[in-house]
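A.B. asks: Got a sequence here, can you build the structure:
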Amino acid sequence: MATHNTGVNGESQEPQMSRKQARSVLFTGVLIGIGIASFLDETIFHQLLQWHAFYWATDEHGRILSDGGFHLFSTLLVLWGLFRCGVVVLVGEQQAGRS
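C.D. replies: Predicted structure coming up:
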């Protein structure tokens, strides 16, 4: 049997997430999701299968270089998302300490 933490008048005492926090969490999830999908694309198609096709209007060296730039971009997205996760955790701990 589940119990709910209710206060006076049956209101929940659990903290509610604001719209700004919800958007922040969503944005962080999107960053990490796009970064991971790009990382998998780079690993499977570009490195394992050697399909260097990110930018075709150049020679092989240019295609490999553009793939490297794409890989750098996807890695930065994952790192930015993970950094945002850390910030969300730290802010949540600070707010919990004030309550």
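A.B. asks: Now the residue nearest the centre of the chain. Its backbone dihedrals?
C.D. replies: Taking Cα atoms, centre = their mean, the centroid of the chain lies closest to residue 32, which sits 2.2 Å from it. Main-chain torsions, residue 32, degrees, to the nearest 10: phi -70, psi -40.
A.B. asks: same deal with residue 19?
C.D. replies: Dihedral angles for residue 19 - degrees, to the nearest 10 - are phi -60, psi -40.
A.B. asks: if we can go back for a sec, tell me who's in contact with the residue nearest to the centre of the chain.
C.D. replies: The contact partners of residue 32, by Cβ atoms under 8 Å, 6 or more residues apart in numbering, come to 77, 78, 81, 82, 85. Where you see a C-beta, it was placed from the backbone N, CA and C, and this is true even at glycine.
A.B. asks: Which helix or strand contains residue 35?
C.D. replies: Per DSSP states H and E: residue 35 is located in helix 19-41.
A.B. asks: Who are the packing partners of the next helix or strand after that helix?
C.D. replies: Downstream of helix 19-41, the next assigned helix or strand under DSSP H and E is helix 60-98. With contacts taken as 3 or more Cβ pairs under 8 Å, 6 or more residues apart in numbering; DSSP states H and E, helix 60-98 sits against helix 19-41.
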